[in-house]
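>>> just to be clear, the model below is a prediction. Sequence and coordinates:
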Amino acid sequence: MGNSRAYPVLRTTDAAEAFRQARRLCELLGNVEDKVWLFAELATVPEVRDIAALAPGLPFDYSENRTDPATGDYLRFDLDVTALEDAALAEHLPLTFSEDVERERVEAGILAALGEGMASIEWHGRWPDDSDADVDWPSKYDGVQVMFHGEEAQLGDWTEEHTVFVHVTKWGDLPLAQELAAHIGSEVLGEAQLGW
């Protein structure tokens with residue numbers, strides 16, 4: 001068990017550039033999963049609608065804990081966002097989205113769907129020089145992540161910048177992270193962070 005180590009390899013205020021460089025790193029991954037993990041903080045009705053179009057039928061949740069005033073029980077957001085009128089949906093904002101989504105759908109539409117909130121895409125696969133190269137499935141540690149409006153792999157404070165991370169073994173692998181960063185003309189930009 002354990003978490004990957006995430007090395008930041010690019011920071012930019014250009015979301016399209018961060019996404020492009022993350023995709024370049026993904027080209028190095030073997031056995032990339034067909035789904036990516038997509039997380040988004042959604043503060044407006046159009047943001048919710050855009051993510052719902054990328055991930056039809058998948059659930060959303062309240063961004064903050066909400067309780068029933070009468071019982072004190074925690075409330076879950078279990079409504080179909082596509083069936084709600086804009087005014088009704090606005091009463092439930094802000095929402096979050098955090099689910100596995102078809103990779104092709106996300107890659108084709110995420111830049112148009114990005115709002116002002118934090119968002120993250122995680123691609124899982126296997127780096128070519130992984131010590132278990134004979135294994136034919138994704139590693140639980142290897143992958144690429146782009147964090148829009150954030151500098152931390154595990155969600156932190158909102159920033160203007162977007163950060164690309166490479167994820168490696170739970171023990172860390174600085175030489176591999178440096179090699180991957182060099183592939184996109186960059187370098188490792190800080191200490192390894194706790195990954196997925």
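Noted; the coordinates are in hand. This structure is a prediction, so every number in the text was calculated from the model and none was measured. Numbering: from 1, shown residues only.

>>> so what's residue 142 up against?
Residue 142 sits next to 4, 29, 124, 125, 126, 127, 130, 167, 168, 169 when contact means Cβ atoms under 8 Å, 6 or more residues apart in numbering. All C-beta atoms are positioned from the backbone trio N, CA, C, and that covers glycine.

>>> no wait, residue 33
By Cβ under 8 Å, 6+ apart, the neighbours of residue 33 are 103, 123, 124, 125, 138.

>>> turn these into CSV, columns for distance to residue 196.
As requested, the contacts of residue 33 are exported to CSV (distance: Cβ to Cβ, whole Å):
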residue, distance to residue 196
103, 16
123, 11
124, 8
125, 13
138, 12
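
>>> A strand includes residue 104, no?
No. Under DSSP: H, G, I helix; E, B strand; the rest coil, residue 104 sits outside any strand and is assigned helix.

>>> tell me how many other residues surround it.
When counting by other Cβ atoms under 10 Å, one arrives at 11 neighbours for residue 104.

>>> tell me, what's the model's pLDDT at it?
We have a pLDDT of 97 for residue 104.

>>> domains in this structure, by residue range?
As given by automatic domain parsing, the domain ranges for the chain are 1-32+125-196, 41-117.

>>> list the contacts for residue 75?
Here residue 75 is in contact with 62, 66, 67, 68 (criterion: Cβ under 8 Å, 6+ apart).

>>> show me the residues you listed that map onto strands.
Taking DSSP state E, the ones among those that sit in strands are residue 62.

>>> state the distance from the closest residue to residue 67 other than its chain neighbours to residue 63.
What sits nearest to residue 67 in space, not counting adjacent residues and going by Cβ to Cβ, 6 or more residues apart in numbering, is residue 74, at 5.8 Å. Using Cβ to Cβ, to the nearest Å, we find residue 74 at a distance of 14 Å from residue 63.

>>> please apply the same query to residue 195.
Taken as Cβ to Cβ, the span from residue 195 to residue 63 is 23 Å.

>>> neighbour-wise, which of those two wins?
Each of residue 195 and residue 63 has its neighbours counted (other Cβ under 10 Å); residue 195 has more, 23 against 16.

>>> of the contacts of residue 33, closest to residue 187?
residue 123 (20.9 Å; Cβ to Cβ).

>>> assign the closest one to helix, strand or coil.
Going by three-state DSSP: residue 123 is strand.

>>> so for stretch 185-196, what gets flagged as buried?
186, 188, 192, 193, 195, 196 (16 or more other Cβ atoms under 10 Å).

>>> quick one: mean pLDDT over that stretch.
Stretch 185-196 comes out at a mean pLDDT of 97.

>>> part of a strand, is residue 146?
Yes. Using three-state DSSP, the assignment for residue 146 is a strand.

>>> just to revisit the earlier point, buried only: go through the contacts of residue 142 for me.
4, 29, 124, 125, 126, 127, 130, 167, 168, 169.

>>> need the contact list for the fourth one.
Taking Cβ under 8 Å, 6+ apart as the criterion, residue 125 is in contact with 26, 29, 30, 31, 32, 33, 138, 139, 142, 143, 144.
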